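*Asks:* Below are the sequence and a predicted model; questions follow.
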Amino acid sequence: MKNDFDRSIEIYNPNGKAFIPFFVELLIKLRKEVVFIIDEDLPVEEGTPLKHAAAITHFLKEFEAKSEIKLVIHTPDLEGFYNIDLEQIGELLGMSNRVRRSKKGCLNFLAAFFSVTKKIKSG
C-alpha cells in the first residue's frame, strides 16, 4: 500500500498496538493523512473492562469517527493470515519451550524481525 503514494512511509510495530496512540497524536499534530491497519480484536463482553488491545481499537475508532485517521481492521489475525509460524521461528532462534509459550516473552518482536530479514534475503 505504501508504494501507491509518492510520499508515504510504513511503520511496522511488532509489539502489537502499544505505541499506536503515540503515533496517532504525533501524525495528527503534523497534519499527516494516515491509515492504520490493525488486527481484529477478540470480542469483549458487555460491561467488562476493555483489555489493552480492545481499548486501543476503541481509541482509534473515535479518531476515525472524527475523520482524523483512516482505520482498516484486518480480519482474520494478521499472523494467521500470512502464516507466520511463531513456534517454528522460536525454535530456529533457539528459544526454550517455556520462553516460546510465555505471553511475556519477546517472541512476537523477534519473529517480526526474523520474517522481514528472511523476506529481504530471499528477495
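*Replies:* That came in fine, so what should we check first?

*Asks:* Next one: residue 51 from residue 90, what distance?
*Replies:* For residue 51, the distance to residue 90 equals 24 Å [C-beta to C-beta, to the nearest Å]. For glycine as for every other residue, the C-beta is placed from the backbone atoms N, C-alpha and C.

*Asks:* more neighbours, those two?
*Replies:* residue 90 (20 against 12; other C-beta atoms under 10 Å).

*Asks:* Tell me the helices and strands packed up against the helix or strand where that one lies.
*Replies:* Element membership for residue 90 (DSSP states H and E) is helix 86-92. Using 3 or more C-beta pairs under 8 Å, 6 or more residues apart in numbering; DSSP states H and E, the elements in contact with helix 86-92 are helix 97-101, helix 107-122.

*Asks:* need the contact list for residue 28.
*Replies:* Counting by C-beta atoms under 8 Å, 6 or more residues apart in numbering, residue 28 makes contact with 34, 63, 68, 69.

*Asks:* I meant residue 20, not that one.
*Replies:* 13, 36, 38, 56, 60.

*Asks:* For beta bridges, what are the partners of the second one?
*Replies:* When bridges are taken as DSSP bridges, the partners of residue 36 come out as residue 71.

*Asks:* so it sits right up against residue 24, yeah?
*Replies:* Yes. Assessed by C-beta atoms under 8 Å, residue 36 is found in contact with residue 24 at 7.4 Å.

*Asks:* Need the residues touching each of those two.
*Replies:* 60, 69.

*Asks:* If you average pLDDT over each of the helices and strands packed on helix 86-92, which is lowest?
*Replies:* The stretch with the lowest mean pLDDT among those is helix 107-122, at a mean of 56.
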